[in-house]
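Participant: Provide a 3D model corresponding to the input given below.
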Amino acid sequence: METRTEQEAGITAKGAALTAAGITDRGRVRRANEDFFVMRPEAGAFVVCDGMGGAAAGETASHLAAETAVAALVAAKKGAGAIREAVRLANSTVYERARQDRRLEGMGTTLVALALSGKTAWVGHVGDSRCYRWRAGALERLTQDHSLVEEQIRIGRMTREQARRSPMQNVITRAIGTRSEVVAEIQEFPLQRDDLFLIASDGLTRELTDAAIVGILQGMGQDLEAVCASLIAAANAVGGRDNITCVLVRVTLSWTLDEGSSGLGNRA
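Facilitator: You can find the predicted model right below:
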């Protein structure tokens, strides 16, 4: 019988104004799961990482980066500066660990972070893990991949359909931990009641088109863990060629977390 981790079985958590759930799955091809996520809904902090460098190295990189970034976000007031510092610390932690242990040389990870406070959301990312917002029945992608094919799309040398079939789609142009410094792309968005954020590794978004994701979200109920499970099952059904992670965060009130709050909810 396959043994599943707590993350693979699913985690649901609640804060005073947020409901969140996350699941990570090995997929149907990979022998190990190098994805990792951390949720701290009481502090409005969520991170998904997709490690690279082989099983042990990739798992180490994603765990270190996610845990370091979330700890930094919890300790700081929210804002673009907080995400920038969280990314800096995550990058430094992974980079220095690889320098200390030659078995981990070359490891790295993507990172996408969501921080919510007051009436504002901040999204920061490095690599090709993504953040989407589902609002009033419409799905909007909030991040642009730091990848070779995405750059080709932006300059008009490749269509999105060509990119989906390209053998270069796994080549990313930025990663946490592979260099001593990295620049995160950070954006700020106003929040509305019932906003739903989807944070996912590319194991989900390479297998499912945005239209396929919309189809699942349109039929969803209130159980976010069940929605995560449906997304992962759909990705596995069409290939499951990579590790698959999705985290869903719903704003359940017309405001979110008070500035400086030290704990408005607890893990369920």
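Participant: pull out the buried residues from stretch 136-144.
Facilitator: Counting neighbours by 16 or more other CB atoms under 10 Å, one finds that the buried residues in stretch 136-144 are Leu139, Leu142, Thr143. C-betas here are computed from N, CA, C, even on glycine.
Participant: what's opposite the first one in the beta bridge?
Facilitator: The reference is to Leu139. Counting by DSSP bridges, Leu139 forms beta bridges with Trp134.
Participant: now do the helices in the stretch 151-268 of the chain.
Facilitator: Under the criterion DSSP state H, counting those that start in this stretch, helices of the stretch 151-268 of the chain are mapped to 160-165, 202-205, 210-218, 224-237.
Participant: most tightly surrounded among those?
Facilitator: helix 202-205 (a mean of 26; mean count of other CB atoms under 10 Å).
Participant: can you list contacts of it?
Facilitator: Helix 202-205 has contacts (CB atoms under 8 Å, 6 or more residues apart in numbering) with 25, 27, 35, 50, 110, 128-130, 145, 170, 213, 231-232, 235, 240-246.
Participant: tell me the phi and psi of Lys77?
Facilitator: Backbone torsions for Lys77, taken as degrees, to the nearest 10, come to phi -70, psi 150.
Participant: for Gln144, see how far away it is.
Facilitator: Lys77 sits 27 Å away from Gln144, taking CB to CB, to the nearest Å as the criterion.
Participant: and Phe197, by the same measure?
Facilitator: 16 Å.
Participant: what of Glu42?
Facilitator: Relative to Gln144, Glu42 is positioned 30 Å away (CB to CB).
Participant: over to Met220?
Facilitator: The value you get for Met220 to Gln144, if CB to CB is used, is 25 Å.
Participant: got it, and Thr12?
Facilitator: 30 Å.
Participant: what do you get for Asp50?
Facilitator: Asp50 sits 16 Å away from Gln144, going by CB to CB.
Participant: then Leu191?
Facilitator: Per CB to CB, Leu191 is found 21 Å from Gln144.
Participant: and what of Thr93?
Facilitator: Taking CB to CB as the measure, Thr93 falls 25 Å from Gln144.
Participant: list the helices and strands the helix or strand harbouring Ala71 packs on?
Facilitator: Secondary structure from DSSP states H and E places Ala71 in helix 55-75. Applying 3 or more CB pairs under 8 Å, 6 or more residues apart in numbering; DSSP states H and E, one finds that helix 55-75 contacts strand 35-40, strand 45-52, helix 80-100, strand 108-109, strand 111-117.
Participant: could you pull up the mean pLDDT of that helix?
Facilitator: Taken as a whole, helix 55-75 has a mean pLDDT of 95.
Participant: what does stretch 13-24 give?
Facilitator: Computed over stretch 13-24, the average pLDDT equals 87.
Participant: ok, the residue nearest the centre of the chain to Thr109 distance?
Facilitator: Centroid-nearest residue in the chain: Val48, 3.1 Å away (criterion: CA atoms, centre = their mean). Per CB to CB, Val48 is found 10 Å from Thr109.
Participant: now swap in Lys77 and tell me
Facilitator: Lys77 sits 25 Å away from Thr109, going by CB to CB.
Participant: between the two, which is the more surrounded one?
Facilitator: With neighbours defined as other CB atoms under 10 Å, Lys77 and Thr109 compare such that Thr109 has more, 34 against 11.
Participant: could you list every residue that touches that one?
Facilitator: Applying CB under 8 Å, 6+ apart, we find Thr109 in contact with 34, 49-52, 58, 61-62, 65, 94, 127, 175-177.
Participant: make it 7 Å
Facilitator: Thr109 makes contacts with Cys49, Asp50, Gly51, Met52, Ala61, Ser62, Ala65, Val94, Ala175, Ile176, Gly177, as judged by CB atoms under 7 Å, 6 or more residues apart in numbering.
Participant: what does Thr19 give?
Facilitator: For Thr19, the contacting residues are Leu224, Arg250, Thr252, by CB under 7 Å, 6+ apart.
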